[in-house]
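*Asks:* just coords:
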C-alpha cells in the first residue's frame, strides 16, 4: 500500500509533462461536450443605440398616405426616446462571442401614429440572421409627437452701453432682418422676435458685429431652444453712430398787411428743440432749424396758433420723433380802432401806370398796445400798392400793404385790396 502511494506521488511531482497533457485533454473534452450537447446560449448586449426617426408613417392628419419625407416635414419627436436599449440574444456559443452592439439595429416603430399626440410605441430590433431575439429592455417607449412648422421671425437689434458724449445712435439694423425658425407648432407660434445685442460703449463711429440672438415671446420670456432649429446661428448687427446736436426751432413773425407784430407778440414753439445727427462738418454748421414765417395779418387780438411741417436740413437726420411743430403767437392785452386811410403810393417798375379814383380811401382796423394805438392817426399810415411788372391796361384788384411807424406797437388786422386802373 505504501509503495502504491509513493508511486502516485512520484507520478504528479516528477513527471510534469504528464500533468500538462492531462489538462489539455480535459479542456478539449469540455469543449467537445459543450459544443455537441449544449451548443446554444443567451447573451445580453447592453447599450444598443436606439434610432428614433419618423418612418413608414401613414394616415397623418390632413393628408393620407404621406411618404417618409413628407411625414418628417410635418411632424417631429419632442421627448420620450431613450438613447439606448439592452438586448438579450440567443445563438451559438461559438458565434455569440463576437456579437456587439454595432451588429444590432434597434428602432422605434412609428407605423401606427396618426398625427400629433402622445404614443406608446414598440421597439423593433434587427439581428444578423444567425441570432434569435430573446428580449429587449425597454420593449416600449412613450413618445410625444408635435406638428412641425417653419416661420419667419423678425430680428430686433438692440444696443447695450452708451456712445461717446456728443454722439448719438442714428439707426441700427440686422442682416438678415428675418430668420427662419423650425420647431413644434406650439413653440414656434409663441415666438415674438429674435433679439440680437451689440455693444456701443464709447462709440463715435459705425459699429458692426456678428451677434448671436435670443428668441423671446410676447412677454419677453426666453424661448427654450430644445427642439428648435434656425437657418442661421448669428446675424450681422450694424449700429450707425454719428455726431449729435440739440438745436432750437425758430419762426419769424410778420404781418403782410402792415405793422410790427414781432415787437409786441410772444412766440411759443412746441417742441422747442430737436436732436439731430450727421457728419461733424454739417452738424457744426447748424445752430437752429427755421420753421419759416407766420403771418399775423388775419389773426385775432388774442393771437393765433400755426401747425408747421418740420423740414430737416439735407445731410442730417432727426432723432426726435416729430414731424410737425406748433407755433403759438399771443399778444398782450390790446386795443383796436378803425382809421380811414387816404394816403397811397404806387411802387414797382410800372408805378406810374397806376391810378385810384379821386378821394379814394380805405377803412382799416388797427390793433395795438393802448398807449401806442392812442398816438396813432391816419396821417401816420400810408398804403402801398405794388403794380406788377407785367400789367395789362384796365382795372385790376391789387393787395394793399400799410406802412405804420416802425417803433409803434401796432399792426393792421385783415387783408385789404384796391381796384386800380392801369394806364
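*Replies:* Yep, that arrived. Keep in mind the model is a prediction, meaning the values are calculated, not measured. Numbering: from 1, shown residues only.
*Asks:* Give the buried residues for stretch 336-350.
*Replies:* Neighbour-count burial for stretch 336-350 flags 339, 341, 344, 346, 350 (criterion: 16 or more other Cβ atoms under 10 Å). Where you see a C-beta, it was placed from the backbone N, CA and C, and this is true even at glycine.
*Asks:* For the helix or strand where residue 172 lies, which strands pair with it and how are they oriented?
*Replies:* In this assignment (DSSP states H and E), residue 172 forms part of strand 167-175. Counting by DSSP bridges, the strands paired with strand 167-175 are strand 235-254 (antiparallel).
*Asks:* quick check: mean pLDDT across the partner strand?
*Replies:* Averaging pLDDT along strand 235-254 yields 96.
*Asks:* And that strand, what's buried?
*Replies:* Neighbour-count burial for strand 235-254, with 16+ other Cβ under 10 Å as criterion, is recorded at 235-237, 239-245, 247, 249, 251, 253-254.
*Asks:* what do you get for stretch 96-105?
*Replies:* 96, 99, 101, 104.
*Asks:* And the third one, how close does it get to residue 109?
*Replies:* Think residue 101. 20 Å (Cβ to Cβ, to the nearest Å).
*Asks:* any chance of the buried residues of stretch 96-105 in a markdown table, plus pLDDT, distance to residue 198 and secondary structure?
*Replies:* Below are the buried residues of stretch 96-105 laid out as a markdown table (pLDDT from 0 to 100; distance: Cβ to Cβ, whole Å; DSSP: H, G, I helix; E, B strand; the rest coil):
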| residue | pLDDT | distance to residue 198 | secondary structure |
| --- | --- | --- | --- |
| 96 | 82 | 61 | helix |
| 99 | 88 | 56 | coil |
| 101 | 89 | 48 | helix |
| 104 | 93 | 51 | coil |
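*Asks:* Just put those in TSV and tack on distance to residue 149.
*Replies:* As requested, the buried residues of stretch 96-105 are exported to TSV (distance: Cβ to Cβ, whole Å):
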residue	distance to residue 149
96	47
99	43
101	36
104	35
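*Asks:* Out of these, give me the two with the largest separation.
*Replies:* 96 and 101 (13.2 Å; Cβ to Cβ).
*Asks:* Show me which of the buried residues of strand 235-254 is closest to residue 214.
*Replies:* Closest to residue 214, out of all of the buried residues of strand 235-254 and judged by Cβ to Cβ, is residue 235, at 11.6 Å.
*Asks:* Test my guess that the closest one contacts residue 210.
*Replies:* Yes - if you go by Cβ atoms under 8 Å, residue 235 and residue 210 touch, sitting 7.2 Å apart.
*Asks:* which neighbours do the two share?
*Replies:* Shared contacts of residue 235 and residue 210, defined by Cβ atoms under 8 Å, 6 or more residues apart in numbering, are absent.
*Asks:* Which pLDDT does the model give the residue nearest the centre of the chain?
*Replies:* The C-alpha lying nearest the average C-alpha coordinate of the chain belongs to residue 156 (Cα atoms, centre = their mean; 2.8 Å). On pLDDT, residue 156 comes in at 97.
*Asks:* Please name the nearest non-neighbouring residue to it.
*Replies:* residue 193 (4.4 Å; Cβ to Cβ, 6 or more residues apart in numbering).
*Asks:* List the contacts of the one you found.
*Replies:* Residue 193 makes contact with 153, 154, 155, 156, 215, 216, according to Cβ under 8 Å, 6+ apart.
*Asks:* Nearest to residue 268, out of those residues: which one, please.
*Replies:* Closest approach to residue 268 among those (Cβ to Cβ): residue 156, at 37.8 Å.
*Asks:* now the closest one, which residues is it bridged with?
*Replies:* residue 195.
*Asks:* Okay, it and residue 310: tell me how far apart.
*Replies:* Residue 156 is 28 Å from residue 310, where distance means Cβ to Cβ.
*Asks:* Over to residue 145?
*Replies:* 57 Å.
*Asks:* From the buried residues of strand 235-254, pick the one nearest residue 271.
*Replies:* Residue 271 has its nearest neighbour among the buried residues of strand 235-254 in residue 249, at 7.2 Å by Cβ to Cβ.
*Asks:* can you pick the most crowded of the contacts of residue 193?
*Replies:* Greatest neighbour count in the contacts of residue 193, by other Cβ atoms under 10 Å, goes to residue 215: 23 neighbours.
*Asks:* Which residue, neighbours along the chain excluded, lies closest to that one?
*Replies:* Distance criterion Cβ to Cβ, 6+ apart; nearest residue to residue 215, sequence neighbours excluded, is residue 223 at 3.9 Å.
*Asks:* ok, back up a step: how about residues contacting the strand holding residue 172?
*Replies:* 155-159, 163, 196, 198, 200, 203-204, 235-244, 275, 277, 317, 319.
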